[in-house]
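S.K.: Sequence isn't available, so here's the structure alone:
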C-alpha cells in the first residue's frame, strides 16, 4: 500500500518535470545542424571509430574551408521534439563493431537529450567501411622500435 503511494508520487513528479522541460523549450527551435554537431562530437569520442563518412559535398567543403566538419556523416530528422539520428562511420580494423555501435548509440542519445531537451527516438549506426591505417601505423611503429632495439644490441 505504502509502495503504491510512493510510486504514484514519483510518477506525478516525473510528469511535472517533463511538463516544465517542455514549457521551457516552447519557442526554442534547435537547428538540425546543431544536433548533428553534438552527435558528431559524441561519436568522435568513441574508441574504435576511425572516421566519419560524409558525402562528397561535405568533403569538398571541408577541404576548401580548412575546418573539420563535426557534423560529417550525421543525418538528423526532427519532428515535434523527437529526433532520429543516422551515423555513418568507418571503424578501425580489429575492433568489435557491435560494441562500438552500442557505445555510439548511448553517447549520442545521452549527449543530445541532456544538451537540448529533445527526445532521441532512434540512433542508427551505419558502418561504411573498415580502416586498416591504424594497424599499418602500429606495425610500422613496432618495426621501428624493433630496429632501434636491434641497432642498440649491435653496438
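M.R.: Great, that's in hand. Everything numeric here is computed off the predicted structure, so don't read it as measured data.
S.K.: Only C-alpha atoms from now on, for both contacts and neighbour counts.
M.R.: Will do.
S.K.: Show me what whichever strand or helix holds residue 114 is in contact with.
M.R.: Using DSSP states H and E, residue 114 falls within helix 97-116. Helix 97-116 is contacted by residues 30, 35, 38-39, 42-43, 46-49, 91, 118-120, 123-125 when judged by CA atoms under 8 Å, 6 or more residues apart in numbering.
S.K.: Go through the protein and flag its longest strand.
M.R.: Longest strand in the chain by number of residues, with DSSP state E as the criterion: strand 119-131.
S.K.: Please spell out which residues along it are buried.
M.R.: Buried positions in strand 119-131, judged by neighbour count with 16 or more other CA atoms under 10 Å: 119, 120, 123, 124, 125, 127, 128, 130, 131.
S.K.: For it, which helices and strands make contact with it?
M.R.: When contacts are defined as 3 or more CA pairs under 8 Å, 6 or more residues apart in numbering; DSSP states H and E, strand 119-131 sits against strand 82-92, helix 97-116.
S.K.: Now do the same for it: mean pLDDT, whole number.
M.R.: For strand 119-131, the mean per-residue pLDDT is 94.
S.K.: partners of it, with directions?
M.R.: strand 82-92 (parallel) (DSSP bridges).
S.K.: Enumerate the positions of the partner strand that are buried.
M.R.: In strand 82-92, counting by 16+ other CA under 10 Å, buried: 83, 84, 85, 86, 87, 88, 89, 90, 91, 92.
S.K.: Switch those residues over to TSV, and while doing so, append pLDDT to every line.
M.R.: Listed next are the buried residues of strand 82-92 as TSV, based on pLDDT from 0 to 100:
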residue	pLDDT
83	95
84	97
85	96
86	96
87	95
88	95
89	94
90	93
91	94
92	93
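S.K.: What is the nearest of the residues you listed to residue 76?
M.R.: Closest approach to residue 76 among the buried residues of strand 82-92 (CA to CA): residue 85, at 4.8 Å.
S.K.: pretty sure that closest one contacts residue 71?
M.R.: No - using CA atoms under 8 Å as the test, residue 85 is too far from residue 71 to be in contact (11.3 Å).
S.K.: I am finished for the moment; much appreciated.
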